[in-house]
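Participant: Okay, here's the prediction I keep looking at, along with the sequence it came from:
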Amino acid sequence: DVKVTQSSRYLVKRTGEKVFLECVQDMDHENMFWYRQDPGLGLRLIYFSYDVKMKEKGDIPEGYSVSREKKERFSLILESASTNQTSMYLCASSVSGLGDEKLFFGSGTQLSVL
Amino acid sequence: RKEVEQDPGPFNVPEGATVAFNCTYSNSASQSFFWYRQDCRKEPKLLMSVYSSGNEDGRFTAQLNRASQYISLLIRDSKLSDSATYLCVVNEKDSGYSTLTFGKGTMLLVSP
């Protein structure tokens, strides 16, 4: 079974802190994604990566950056956390990049920025 | 602007009922379509892909109408365990990359 592991289930940070959200997948998937999910807004794509050291902006990249130094690990970075970044963050991975792939999600990180 | 629209619900139905969800998408170039299911406080999981010819998986039937840019999901003989949020998902191709755009979801509550 594919496993996508996010480092923390719950995280509380203060405004202005630098925050790292880590995601690791164990199935050698090429593609990895970061989404955030907010009530009434659904899932929105922040960044994605189709290869090591490759990254592409999604629909809402502002205030975020990512790092993919190894194939299995995709990190989301909040350079200076703000209260409007309080959200559920979901990492996902998939095999192919043709748009017909099945996404496997981690269990999510609920981030609260105070 | 990419848009995938769903009725947010909630749909409250008794066990055994048949319920249908609809979804519309704005990008006529979209190539692939899916329904995902998300249980409360859990991550989304793929329920089924949607094909032009329509497809069925047990009590679940998905249909696609490309001309109207419309996708549907029909659940027959609803079970308590079907209570969840159902997400309509559309593949979008932008700048050479394919990504998935999620609708906001339709909540289903099945009661005894």
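Facilitator: All right, it came through fine.
Participant: Can I get stretch B:53-71 in CSV, CA atoms only?
Facilitator: The C-alpha atoms that make up stretch B:53-71 are tabulated as CSV, following Å, rounded to 0.1, in the frame of the first residue of the first chain:
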residue,chain,number,x,y,z
SER,B,53,-19.2,6.1,-21.8
GLY,B,54,-20.3,6.2,-18.2
ASN,B,55,-19.1,3.7,-15.7
GLU,B,56,-20.4,1.7,-12.8
ASP,B,57,-18.9,0.3,-9.6
GLY,B,58,-21.4,-1.6,-7.5
ARG,B,59,-23.9,0.9,-6.2
PHE,B,60,-22.1,3.9,-7.7
THR,B,61,-22.5,5.2,-11.3
ALA,B,62,-20.6,8.0,-12.8
GLN,B,63,-21.4,9.8,-16.0
LEU,B,64,-19.8,12.5,-18.1
ASN,B,65,-21.4,14.9,-20.6
ARG,B,66,-18.5,16.7,-22.4
ALA,B,67,-20.9,18.9,-24.5
SER,B,68,-22.5,20.3,-21.4
GLN,B,69,-19.3,20.1,-19.3
TYR,B,70,-21.2,18.2,-16.6
ILE,B,71,-20.3,15.2,-14.4
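Participant: show me where chain B has strands.
Facilitator: Taking DSSP state E to define them, one finds strands in chain B at B:4-6, B:11-14, B:19-25, B:33-38, B:44-50, B:55-57, B:60-65, B:70-75, B:84-94, B:97-102, B:106-111.
Participant: mind checking pLDDT for residue A:31?
Facilitator: Looking at residue A:31, its pLDDT is 90.
Participant: Mind telling me which residue of chain B is nearest chain A?
Facilitator: Closest contact between chain B and chain A, by C-beta to the nearest C-beta, is at residue B:98 (3.2 Å). Where you see a C-beta, it was placed from the backbone N, CA and C, and this is true even at glycine.
Participant: and that residue, how many residues sit next to it?
Facilitator: 20 (other C-beta atoms under 10 Å in any protein chain shown).
Participant: for chain A, what are the nearby residues on chain B?
Facilitator: Contacts of chain B with chain A, taken as C-beta under 8 Å from any C-beta of the partner chain, map to B:2, B:31-32, B:36, B:42-46, B:49, B:87, B:91-93, B:95, B:97-105.
Participant: Weed out the non-buried ones from the residues you listed.
Facilitator: Buried by 16 or more other C-beta atoms under 10 Å in any protein chain shown: B:32, B:36, B:43-44, B:46, B:49, B:87, B:91-92, B:98-105, out of the residues of chain B next to chain A.
Participant: pLDDT below threshold where in chain B?
Facilitator: B:1, B:94-96 (pLDDT under 70).
Participant: which outside residues touch stretch A:56-71?
Facilitator: A:28-30, A:32-36, A:44-55, A:74-80, A:82, A:85, B:2, B:95, B:97, B:99 (C-beta atoms under 8 Å, 6 or more residues apart in numbering or on different chains).
Participant: Check which residues of that stretch are buried.
Facilitator: A:56, A:58-59, A:61, A:64, A:66-68, A:71.
Participant: Farthest-apart pair in those residues, please.
Facilitator: A:59 and A:71 (24.3 Å; C-beta to C-beta).
Participant: tell me the strands in chain A, going along the chain?
Facilitator: Under DSSP E, chain A gives strands at A:4-6, A:10-13, A:19-21, A:23-25, A:31-38, A:42-49, A:56-57, A:64-70, A:73-78, A:87-94, A:104-105, A:109-113.
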